[in-house]
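Enquirer: Requesting a structural model of the entry that follows:
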Amino acid sequence: MNIREIEYITIPVSNLEVSLRFYHEVFDLQIVDLPNGDKGADMHKMLLDFHEEDKVDNPISFGLIAKDKMADIKAHLINYFVDIVSEPTEKTKVRRNVNSITILDPDKNRIEVNEFR
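Expert: Numbers count the residues shown, from 1 in each chain. Next up, the predicted model:
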């Protein structure tokens, strides 16, 4: 088996409309209808699949790569009143320098936004 990419990540959400607005407005993602009946966000090579649940008991964690500079990313997140749980931190990931900030979506799913340099 030769795996090359992730096709989708399922994100548990308790209020679909709130989550769709969050991911569309904060990350500027296009919302699409998925073949399984769920709503999702198109990230070109991958999809975010928003699966509505009565209550999100087990939030997930995932990372995103941004093309913006970290100062602009942080300012944008502050403008949208996004919960920042970890301030920008410089580190090395897989032989590359990265600046990361960690946030929470409305259901406390943990998202690391990375600026690779």
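Enquirer: so which strand or helix has residue 97?
Expert: strand 96-104 (DSSP states H and E).
Enquirer: what sits up against the top strand by length along the chain?
Expert: Using DSSP state E, we find that the single longest strand of the chain is strand 83-93. Residues from elsewhere that reach strand 83-93 (Cβ atoms under 8 Å, 6 or more residues apart in numbering): 70, 73-74, 77-78, 97-104, 110, 112, 114, 116. For the C-beta atoms, the positions are set from N, CA and C on the backbone; glycine is no exception.
Enquirer: Return the set of buried residues in that strand.
Expert: Buried residues in strand 83-93, counted by 16 or more other Cβ atoms under 10 Å: none are found.
Enquirer: so what strands line up beside that strand?
Expert: Partners of strand 83-93 in the sheet, by DSSP bridges, are strand 96-104 (antiparallel).
Enquirer: Tell me the buried residues in the partner strand?
Expert: Buried-residue list, strand 96-104, by 16+ other Cβ under 10 Å: 98-103.
Enquirer: Show me what the helix or strand that it is followed by pairs with in its sheet, parallel or antiparallel.
Expert: Following strand 96-104 in sequence order, the next helix or strand is strand 110-116 (DSSP H and E). Strand 110-116 pairs in its sheet with strand 61-65 (parallel), strand 96-104 (antiparallel), by DSSP bridges.
Enquirer: Strand 110-116: how far from the chain's middle?
Expert: Averaging C-alpha positions (Cα atoms, centre = their mean, to the nearest Å) puts strand 110-116 8 Å from its chain's average.
Enquirer: Using PDB, list the CA coordinates for it.
Expert: Written as PDB, here are the backbone C-alpha positions of strand 110-116 (Å, rounded to 0.1, in the frame of the first residue of the first chain):
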ATOM      1  CA  ARG A 110      -8.000  22.000  18.500                       C
ATOM      2  CA  ILE A 111      -6.500  23.500  15.400                       C
ATOM      3  CA  GLU A 112      -2.800  24.300  14.900                       C
ATOM      4  CA  VAL A 113      -2.300  26.900  12.200                       C
ATOM      5  CA  ASN A 114       1.200  26.700  10.800                       C
ATOM      6  CA  GLU A 115       3.300  29.200   8.800                       C
ATOM      7  CA  PHE A 116       6.200  27.300   7.300                       C
END
